[in-house]
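Sequence and predicted structure are below.
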Amino acid sequence: MSERDKALREVMDLIDKQLARVVHLEHFGANAQGQYTALLILKGQIRAMLGYSGHMPSEVPNQSEDAK
């Protein structure tokens, strides 16, 4: 596992702890629901980054059939 993936997993663990804290709020109102949703979205975005260490090319050569 790369150092980057280890760091991302640590962040996901912190998000899980925050999710548990938000769920246990005495009044799970609109603000807490918004926090919970935002944390879930963030965790999903971080999960999508796991295992990807390459760089996206800034330019892609023309691959059309007409190009010669």
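Sure, I can see it.

so Q35 touches V22, yeah?
Yes: counting by C-beta atoms under 8 Å, Q35 does reach V22; the two are 5.1 Å apart. (Glycine included, C-beta is placed from N, CA and C.)

so how far is stretch 1-11 from its chain's centroid?
The chain centre lies 12 Å from the centre of stretch 1-11; the measure is C-alpha atoms, centre = their mean, to the nearest Å.

Only C-alpha atoms, please: export that stretch in CSV.
Listed next in CSV are the C-alpha coordinates belonging to stretch 1-11 (Å, rounded to 0.1, in the frame of the first residue of the first chain):
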residue,chain,number,x,y,z
MET,A,1,0.0,0.0,0.0
SER,A,2,1.4,3.4,-1.0
GLU,A,3,2.0,6.2,1.6
ARG,A,4,-0.7,8.2,-0.3
ASP,A,5,-3.2,5.4,0.2
LYS,A,6,-2.3,5.1,3.9
ALA,A,7,-2.9,8.8,4.3
LEU,A,8,-6.2,8.6,2.5
ARG,A,9,-7.3,5.7,4.7
GLU,A,10,-6.4,7.7,7.8
VAL,A,11,-8.5,10.6,6.6
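
List the contacts of it.
Residues outside stretch 1-11 that contact it (C-beta atoms under 8 Å, 6 or more residues apart in numbering): I46, M49, L50, G51, S53.

Can you lay out the residues you listed as a markdown table showing neighbour count, secondary structure and distance to M12?
As requested, the contacts of stretch 1-11 are exported to a markdown table (neighbours: other C-beta atoms under 10 Å; DSSP: H, G, I helix; E, B strand; the rest coil; distance: C-beta to C-beta, whole Å):
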| residue | neighbour count | secondary structure | distance to M12 |
| --- | --- | --- | --- |
| I46 | 15 | helix | 6 |
| M49 | 12 | helix | 10 |
| L50 | 14 | coil | 9 |
| G51 | 11 | coil | 13 |
| S53 | 10 | coil | 17 |
